[in-house]
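Participant: this is the structure alone, sequence omitted:
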């Protein structure tokens, strides 16, 4: 599954992460850190993730 990710407060921070639908949130955090290592400077497990929905 392809997820759209954005870092709140950073301009031009939109990017995509591909992850299997059965993977854990921890795996997603690791994938985000791998994709943007210069933005996520701490440990991946400390990322705070928020779900954004459109139309419901």
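Facilitator: Arrived safely. The structure presented is a predicted model; accordingly, all values stated were derived computationally and were not measured. Numbering: from 1, shown residues only.

Participant: what comes up buried for stretch 16-30?
Facilitator: By neighbour count on 16 or more other Cβ atoms under 10 Å, the buried set for stretch 16-30 is 19, 28-30. Backbone N, C-alpha and C define where each C-beta goes, glycine included.

Participant: please disregard the earlier target; I meant stretch 29-38.
Facilitator: By neighbour count on 16+ other Cβ under 10 Å, the buried set for stretch 29-38 is 29-33, 36.

Participant: take the residues you listed and keep only those in helices.
Facilitator: When the buried residues of stretch 29-38 are checked against helices (DSSP state H), the matches are 29-33.

Participant: so which of those comes closest to residue 40?
Facilitator: For those, the closest approach to residue 40 (Cβ to Cβ) belongs to residue 33, at 4.3 Å.

Participant: got the contact list for that closest one?
Facilitator: Residues in contact with residue 33 (Cβ atoms under 8 Å, 6 or more residues apart in numbering) are 40, 44, 47.

Participant: now with 6 Å?
Facilitator: Taking Cβ atoms under 6 Å, 6 or more residues apart in numbering as the contact definition, residue 33 lies against 40, 44.

Participant: give me the distance between it and residue 53.
Facilitator: Look at residue 33 and residue 53: by Cβ to Cβ, to the nearest Å, they are 24 Å apart.

Participant: what of residue 41?
Facilitator: 29 Å.

Participant: helix, strand or coil for residue 40?
Facilitator: When states are read from DSSP: H, G, I helix; E, B strand; the rest coil, the local structure at residue 40 comes out as coil.

Participant: so who does it touch?
Facilitator: residue 33.

Participant: OK, contacts around the residue nearest to the spatial centre of the chain?
Facilitator: Here the mean C-alpha position of the chain is nearest to the C-alpha of residue 32 (Cα atoms, centre = their mean), at a distance of 4.4 Å. Listed by Cβ under 6 Å, 6+ apart, the contact partners of residue 32 are residue 17.

Participant: same deal with the one 4 residues further on?
Facilitator: With contacts defined as Cβ under 6 Å, 6+ apart, residue 36 is in contact with no residue.

Participant: one more time with 10 Å
Facilitator: By Cβ atoms under 10 Å, 6 or more residues apart in numbering, the contact list for residue 36 reads 5, 7, 10, 13, 15, 17.
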